[in-house]
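coords please:
(chains A and B, ligands or ions: 2)
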Amino acid sequence: MPHTQRKKKNLYPSLVLGKKEIADGVFTIETEKKFSFIPGQVIALALNPEDEPRLYSIASGNEGKTLRILFDINPEGQLTPALSKCRIGDTVFVSEPFGKFIGTQEQAFWIATGTGIAPFISMLESGLAINKTLLHGARYISQFYFADKFEEAMHKNYLRFCTAEENNMVIHGRLTDYLKKQETLSPKIKYYLCGSAEMVVEVRDILINKGIPFNNIVAEIYF
Amino acid sequence: MQKEPLYGKTLNELKEIVKQHNLPGFTAGQIADWLYKKRAESIDSMTNLSKKARQLLSENFETGITLPSKVQESVDGTKKYLFPAHKQLFIEAAYIPEDNRKTLCISSQVGCKMGCLFCMTGKQGFQSQLTAGEILNQIRSIPESEELTNVVYMGMGEPLDNIEEVLKSLDILTSDWGYGWSPRRINVSTIGIVPAMRRFIEESEAHLAISLHTPFNEERQKLMPIEQVYSIEQVIETLREYDFGRQRRISFEYIMFEGINDTPAHVKGLTKLLNGIRCRINLIRFHPIPDSPLRGTPHKTMQWFCDQLNNKGITTTIRRSRGEDIYAACGLLSTKALLNDNKPKDF
Ligand SMILES: Cc1cc2nc3c(=O)[nH]c(=O)nc-3n(C[C@H](O)[C@H](O)[C@H](O)COP(=O)(O)OP(=O)(O)OC[C@H]3O[C@@H](n4cnc5c(N)ncnc54)[C@H](O)[C@@H]3O)c2cc1C
Ligand code: SF4
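Residues are numbered from 1 along each chain as shown, chains lettered A, B, ... in the order given. Ligands and ions are numbered 1, 2, ... in the order given. Below is the predicted model:
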């Protein structure tokens, strides 16, 4: 096979306009928004155009002027340790939005672990939280990112499951245990799952056991 | 201190090690020869290396050959080998003897991140990447090692989600200084992670098998979450960009689920999707896994589907199912029961 310059996703230089450490080792970065997108889509991002980019869910509303991502540091990772050090005014390289994990106006469950909440932030800020129930699982209370916004918009339909800490805002325990106890999950609505492979496969099995047709389970795995 | 394994190092990596230890440059080739041709079990047995070289290397390195810890044999002669990997994890490899082919199906990861609905490995989640040494050790350490005619990367894990180590293992398997195998004896399977697939196509000569399972996006999304980000059309468009020559084979794996992907519409969809691609389709019987909402297509319908595709000019065969009784058949490998699962959970 002749060696060619390997074709990669087209990446466009975008200025970093904002950056925050919202929990220990967890950041949001806002960049220029160069393309419109559908809530739930992802972008590929790199610090240099020659690097193999990594994928991130867009974590901002589609009407907003900037594009936000939410990520945590993988200490041995190639991108995230360096990305966490970028500064306002730096340039990052971002692809056009793509992907089909797409939110709709219809009634649905949103189920996430950790940074898997990102696409649901985009859906929330795009006005899609009506009719939704959000279950978010995390180890620590500080990991319920954007909790204020979800609380304000979703009230009792926003359930936080915390496995290692307790307070009166969260349910102490596992999201999977809660699902196993549910008797009235509708088989007619969609269940959007986003986060680690472990969560997706375990929750999917529980839902299928509860009689949810697999056609109504839409999963995005952060591999 | 845990010593670093030499087995699984490429010639370039061995050259680097030799340089760091101030040993003569040709030592790297000698070590490769001992590891991959002479099947040395220990550094001490590499007798054409100077005593000083052996001593120096032994201080920091070991060969890193690991024997299988268990073997199960099927009534049809298929054998399933269990290997320990690092971090007290385990992987499986399936040895499949046929008339004149002896194939080993090897793992590339402990578990898998891809979460395909129909797969036992997917159900165990992801525990670890394998090193090139651990990938090749499966080939090196079974009793049938020297009889093998073919190797398929179709065991536990998505090989292209471990692209660096998989490419290294292929380099060692096919280089003259390594095992010297023809890449035509090797088939690497993927669900279609497009950027890594490009690298594989460009940096290796081995055959490529794509897990297809349905030509329709909506349906594939529900079976295989990867479809959300890399659609099957994108995978096929990427394949169309390359000239694979006459020797290198592209095939599509198609597990058949009753009432889901075995209809006339699917024959039509496949014909359209694969139009103009020189390839073959392997139809695979689904082996039901616990809690699965899917059922396998009956043999008669599979035969009908196969005939339809052949009539449309796409070479299609039904793959013989092997090792079902010992859970060695396609999609059944799993070491979940052996996981020490006391990791703190975040869900
Ligand atoms: C659809 C999708 C959406 C995601 N969204 C988010 C998100 O919103 N927030 C978040 O924090 N994380 C997200 N991730 C995970 C993210 O893409 C990165 O894996 C993570 O941030 C760690 O990156 P890293 O470079 O630091 O780690 P690394 O360990 O260097 O790389 C992580 C991943 O990149 C891939 N990779 C590594 N090396 C190579 C290579 N040589 N060639 C090609 N690929 C390679 C592998 O899949 C690897 O698991 C998402 C992943 C996917 C698939
Ligand atoms: S079919 Fe392959 S890619 Fe999918 S979950 Fe199983 S091992 Fe992973």
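
where are the low-confidence patches of chain A?
Along chain A, segments meeting pLDDT under 70 span A:1-5.

what domains does the record give for it?
Following the assignment in the TED database, chain A carries domains at A:11-95, A:108-221.

Compare those domains and give me the one nearest chain B.
Among those, domain A:108-221 comes nearest to chain B, with 3.3 Å by Cβ to the nearest Cβ. (C-beta placed from N, C-alpha, C; glycine too.)

If you count contacts, what does the longest strand seen in chain A end up packed against?
In chain A, taking DSSP state E as the definition, the longest strand is strand A:12-23. Here strand A:12-23 touches strand A:26-32, strand A:66-72, strand A:91-94, going by 3 or more Cβ pairs under 8 Å, 6 or more residues apart in numbering or on different chains; DSSP states H and E.

mind running it again at 7 Å?
Strand A:12-23 is packed against strand A:26-32, strand A:91-94, with contacts defined by 3 or more Cβ pairs under 7 Å, 6 or more residues apart in numbering or on different chains; DSSP states H and E.

hmm, who's touching the longest one?
By that I understand strand A:26-32. Strand A:26-32 is contacted from outside by A:14-22, A:59, A:66-72, A:84, A:86, A:92, A:94, A:145, using Cβ atoms under 7 Å, 6 or more residues apart in numbering or on different chains.

Quick one: residues in contact with the helix or strand that comes right after it.
With elements assigned by DSSP states H and E, the helix or strand that comes after strand A:26-32 is strand A:42-46. Contact partners of strand A:42-46, identified using Cβ under 7 Å, 6+ apart, comprise A:9, A:11, A:53-58, A:69, A:92-95, A:97-99, B:229.

For ligand 1, tell me which of the contacts of strand A:26-32 show up nearby.
A:69-72 (Cβ under 6 Å from any ligand atom).

how about those in CSV, adding distance to chain B?
Shown next, in CSV, are those (distance: Cβ to the nearest Cβ, whole Å):
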residue, distance to chain B
A:69, 15
A:70, 15
A:71, 16
A:72, 11
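
Dump these to a markdown table, plus distance to residue B:68 and neighbour count.
Shown next, in a markdown table, are these (distance: Cβ to Cβ, whole Å; neighbours: other Cβ atoms under 10 Å in any protein chain shown):
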| residue | distance to residue B:68 | neighbour count |
| --- | --- | --- |
| A:69 | 44 | 25 |
| A:70 | 43 | 25 |
| A:71 | 40 | 23 |
| A:72 | 37 | 17 |
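
how far away is the residue most central in space within chain A from residue A:126?
Per Cα atoms, centre = their mean, the C-alpha nearest to the average position across chain A is that of residue A:118, at 2.4 Å. Look at residue A:118 and residue A:126: by Cβ to Cβ, to the nearest Å, they are 13 Å apart.

quick one: is the lengthiest helix in chain A near ligand 1?
If you go by DSSP state H, chain A has its longest helix at helix A:197-209. No. Helix A:197-209 does not reach ligand 1 (Cβ under 6 Å from any ligand atom); its nearest approach is 10.1 Å.

next SSE after that helix?
Where DSSP H and E defines the elements, the next helix or strand beyond helix A:197-209 is strand A:217-221.

Name the residues of that following strand that come out as buried.
A:217-221 (16 or more other Cβ atoms under 10 Å in any protein chain shown).

so residue A:15 touches residue A:93, yeah?
No. Taking Cβ atoms under 7 Å as the definition, residue A:15 is not a contact partner of residue A:93, at 11.2 Å.

Of those two, give the one with the bigger neighbour count.
It is residue A:93, of residue A:15 and residue A:93, that has more neighbours when counted by other Cβ atoms under 10 Å in any protein chain shown, with 20 against 13.

partners of that one in the sheet?
residue A:13, residue A:46 (DSSP bridges).

Could you report the separation of it from residue A:115?
20 Å.

what's the answer for residue B:313, then?
Taken as Cβ to Cβ, the span from residue B:313 to residue A:115 is 46 Å.

same deal with residue B:208?
Counting by Cβ to Cβ - residue B:208 and residue A:115 are separated by 32 Å.

quick one, what contacts residue 15?
You didn't say which chain, so I picked chain A. By Cβ under 7 Å, 6+ apart, the contact list for residue A:15 reads A:31-32, A:89, A:91.

Switch to chain B, please.
B:25, B:28.

in the helix or strand containing it, what counts as buried?
Remark: residue B:15 resides in helix B:11-20, with elements defined by DSSP H and E. Within helix B:11-20, the residues that qualify as buried are B:11, B:13-15, B:17-18, counting by 16+ other Cβ under 10 Å.

could you dump that helix to PDB, C-alpha only?
Only the C-alpha atoms of helix B:11-20 are listed here, as PDB (Å, rounded to 0.1, in the frame of the first residue of the first chain):
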ATOM      1  CA  LEU B  11      13.400  -4.400  16.300                       C
ATOM      2  CA  ASN B  12      13.500  -0.600  16.700                       C
ATOM      3  CA  GLU B  13      12.500  -0.800  20.400                       C
ATOM      4  CA  LEU B  14      15.200  -3.500  20.900                       C
ATOM      5  CA  LYS B  15      17.800  -1.300  19.200                       C
ATOM      6  CA  GLU B  16      16.900   1.500  21.600                       C
ATOM      7  CA  ILE B  17      17.300  -0.900  24.600                       C
ATOM      8  CA  VAL B  18      20.600  -2.100  23.300                       C
ATOM      9  CA  LYS B  19      21.800   1.500  22.900                       C
ATOM     10  CA  GLN B  20      20.800   2.400  26.400                       C
END
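
Heading C-terminal from it, find the next helix or strand.
Next helix or strand after helix B:11-20 toward the C-terminus (DSSP H and E): helix B:27-32.

other SSEs contacting that following helix?
helix B:11-20.

if you average pLDDT over the helix it packs on, what comes out?
Average pLDDT, helix B:11-20: 98.

Now find how far off-centre that helix is within its chain.
Here helix B:11-20 is found 27 Å from its chain centre; the criterion is Cα atoms, centre = their mean, to the nearest Å.

can you check stretch A:18-28 too?
With Cα atoms, centre = their mean, you get 14 Å for stretch A:18-28.

Could I have the CA atoms of that stretch written out in CSV?
What follows is stretch A:18-28 as a C-alpha-only set of coordinates in CSV (Å, rounded to 0.1, in the frame of the first residue of the first chain):
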residue,chain,number,x,y,z
GLY,A,18,-13.1,30.9,28.1
LYS,A,19,-11.9,28.2,30.5
LYS,A,20,-12.9,27.1,34.0
GLU,A,21,-12.0,24.3,36.3
ILE,A,22,-15.5,23.4,37.5
ALA,A,23,-14.3,20.5,39.8
ASP,A,24,-11.0,18.9,40.6
GLY,A,25,-9.4,18.0,37.3
VAL,A,26,-12.6,18.8,35.4
PHE,A,27,-12.7,21.7,33.0
THR,A,28,-15.0,23.5,30.6
